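>>> Just the structure for this:
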Amino acid sequence: MEIKYSLEILFERIGRWICKIIDHFYPLFRKTMPIQFFRYGVTGVVNLVFDWILYFVIYNFVLQKKMLHLGIVTLSSHIAAFVIKFPIVLLSGFLLQKYVTFTESNLKGRRQLFRYLIVYGINILINYFGLKFFVDLLHIFPSISNMIVSIITVFVSYFLQKKFTFQIINSTKS
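Next up, the predicted model:
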């Protein structure tokens with residue numbers, strides 16, 4: 001229990017530190033968007049670029065563009081790279097959203113994580129079918145295809161995260 005509490009404090013402090021850095025640039029965008037959307041955009045872009053770099057490294061250097069044989073199933077290299085990067089990007093995205101973007105949500109962390117996993121599951125389906133479509137049917141390079149699909153998922157995610165995962169529950173009774 002003490003480790004969990006210590007991690008929570010650490011993540012909150014890091015989140016506040018990241019907010020200070022992001023908020024420093026907010027005055028340039030104050031007239032065009034609210035602070036929450038700006039933070040979402042910045043953290044989303046950072047996580048998206050991290051996702052792209054991680055995917056590129058795994059696809060080109062870890063898998064060396066080769067199929068991944070797992071015994072009973074074989075994954076194409078572009079799908080295997082997605083599967084490998086998934087848990088890393090999932091965790092970094094959740095932490096950024098919880099501690100930087102949607103800090104006002106009063107849902108318990110477990111519920112937020114569960115809902116985040118649901119939204120991420122929707123994104124997995126979009127990623128899988130998007131990669132299959134762009135790589136296998138349109139023959140677009142895997143890294144470029146991953147970028148296109150990622151942009152689509154960014155828009156889907158923002159609305160679902162704001163309205164579902166990190167919603168604010170009104171605790172006052174009518």
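>>> mind listing the strands in the protein by residue range?
Applying DSSP state E to the chain gives strands spanning 68-69, 74-75.
>>> Tell me the strands beside the first one, with direction?
Looking back up the chat, that one is strand 68-69. For strand 68-69, the pairing partners within the sheet under DSSP bridges are strand 74-75 (antiparallel).
>>> average model confidence for the strand it pairs with?
Predicted confidence along strand 74-75 averages 94 (mean pLDDT).
>>> same deal with stretch 158-174?
Averaging pLDDT along stretch 158-174 gives 80.
>>> And for stretch 28-44?
Per-residue confidence for stretch 28-44 averages out to 92 on the pLDDT scale.
>>> So for it, what gets flagged as buried?
Within stretch 28-44, the residues that qualify as buried by neighbour count (16 or more other CB atoms under 10 Å) are 38, 39, 40, 41, 42, 43, 44. All C-beta atoms are positioned from the backbone trio N, CA, C, and that covers glycine.
>>> The first one contacts residue 19, doesn't it?
No: the pair residue 38 and residue 19 fails to qualify as a contact (CB atoms under 8 Å) at a distance of 10.6 Å.
>>> before we move on, back to that, a markdown table for the strands of the chain, including mean neighbour count and distance to residue 56?
Putting these into a markdown table (neighbours: other CB atoms under 10 Å; distance: least, CB to CB, whole Å) gives the following:
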| stretch | mean neighbour count | distance to residue 56 |
| --- | --- | --- |
| strand 68-69 | 13 | 16 |
| strand 74-75 | 14 | 17 |
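>>> So for the spatially most central residue of the chain, what's the pLDDT?
Most central in the chain under CA atoms, centre = their mean is residue 93, positioned 3.7 Å from the mean C-alpha point. According to the prediction, residue 93 has pLDDT 92.
>>> For residue 30, see how far away the residue nearest to it when sequence neighbours are not counted is.
Counting by CB to CB, 6 or more residues apart in numbering, the nearest residue to residue 93 once its immediate chain neighbours are dropped is residue 47, at 4.9 Å. Taken as CB to CB, to the nearest Å, the spacing of residue 47 relative to residue 30 amounts to 23 Å.
>>> Next: residue 159.
Separation of residue 159 from residue 30 (CB to CB): 22 Å.
>>> send the alpha carbons of stretch 119-130 over as PDB?
Taking Å, rounded to 0.1, in the frame of the first residue of the first chain, the C-alpha atoms of stretch 119-130 are listed here in PDB:
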ATOM      1  CA  VAL A 119     -11.000   3.000 -25.300                       C
ATOM      2  CA  TYR A 120      -7.600   1.600 -26.000                       C
ATOM      3  CA  GLY A 121      -9.300  -1.600 -27.100                       C
ATOM      4  CA  ILE A 122     -11.400   0.400 -29.600                       C
ATOM      5  CA  ASN A 123      -8.100   2.000 -30.800                       C
ATOM      6  CA  ILE A 124      -6.500  -1.500 -31.200                       C
ATOM      7  CA  LEU A 125      -9.300  -2.500 -33.500                       C
ATOM      8  CA  ILE A 126      -8.900   0.700 -35.500                       C
ATOM      9  CA  ASN A 127      -5.100   0.200 -35.600                       C
ATOM     10  CA  TYR A 128      -5.300  -3.500 -36.600                       C
ATOM     11  CA  PHE A 129      -7.800  -3.000 -39.400                       C
ATOM     12  CA  GLY A 130      -6.200   0.300 -40.400                       C
END
